[in-house]
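> I'll drop the sequence and a predicted model, then ask my questions.
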Amino acid sequence: MYVDDEGIIRAARVGVVELDMVKRVVSVKTALPRPRLPSRNRAVYAIVVGMPREDLALVKIFADERMVPYNGFFTAVLHVSQVSDRPVKSIYDAVKPGDIIRATVTSPAAPYVVSIRKPQDGVILAQCSVCGHDLYRVPGKQALICPKCGNEEARKVSPYYVLSAKRSKPRV
């Protein structure tokens, strides 16, 4: 607390006023808790929002590994070198704009850098580049298929992908 130029007592921080009539004390309790931030080596969920170059994707982190949303979005970068242990020519071979991904944070603070190299990381939901319909995982493949138009697309698919196509039985 402080006294301003006009002699008025002001709080030095935003919050809720607490009065203790016994001790004759006025205090201000902070109204907002400290924000939760993504931390290093933790899994997060993010959406791919842009791809300014062939080797870079911009993502917005929105939830932690338990799918508990953060208070806001945190911008992160996914570099093509953080997609796979094998060489990848373009980031488009692993993710596309609009994909929801599970990633691991590799930097200790902002600007955040994420990786999808771990086997459990990768795309968990994607839409067809042709018609916009949800893509389904093809069992046993790293490909996704559109049930509406039949388009097949390659992605770095997580085992946690939410939609799975049923394997059709061979006709006899």
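Great, that's in hand.

> mind checking which helix or strand the spatially most central residue of the chain is in?
Central residue of the chain (CA atoms, centre = their mean): residue 46, 1.8 Å from the mean position. Following DSSP states H and E, one finds residue 46 within strand 43-53.

> what pairs with that strand, and is each one parallel or antiparallel?
strand 56-64 (antiparallel), strand 100-105 (antiparallel) (DSSP bridges).

> Alpha carbons of that strand, in CSV - could you do that?
Extracted C-alpha coordinates of strand 43-53, given in CSV (Å, rounded to 0.1, in the frame of the first residue of the first chain):
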residue,chain,number,x,y,z
ALA,A,43,3.8,-33.1,-23.0
VAL,A,44,1.4,-30.5,-24.3
TYR,A,45,-1.4,-30.2,-26.8
ALA,A,46,-1.2,-27.6,-29.5
ILE,A,47,-2.8,-26.6,-32.8
VAL,A,48,-0.7,-25.9,-35.9
VAL,A,49,-1.5,-22.3,-36.9
GLY,A,50,1.0,-21.5,-39.6
MET,A,51,3.9,-22.7,-41.7
PRO,A,52,6.0,-19.7,-42.8
ARG,A,53,8.8,-21.9,-44.3
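
> Leaving out chain neighbours, which residue sits closest to the residue nearest to the centre of the chain?
Among residues not flanking residue 46 along the chain, residue 59 sits closest, at 4.1 Å (CB to CB, 6 or more residues apart in numbering). From N, CA and C alone the C-beta is placed, and that goes for glycine too.

> Measure how buried that neighbour is and give me the count.
For residue 59, the tally of surrounding residues (other CB atoms under 10 Å) stands at 28.

> next one: residue 62
16.

> how much space between it and residue 101?
11 Å (CB to CB, to the nearest Å).

> Deepest-packed of the strands paired with strand 43-53, please.
Among these, strand 100-105 has the highest mean neighbour count (mean count of other CB atoms under 10 Å), at a mean of 24.

> Could I get the buried residue list for stretch 67-81?
70, 74, 76, 77, 78, 80 (16 or more other CB atoms under 10 Å).

> can you tell me which two in the residues you listed are farthest apart?
70 and 80 (25.7 Å; CB to CB).
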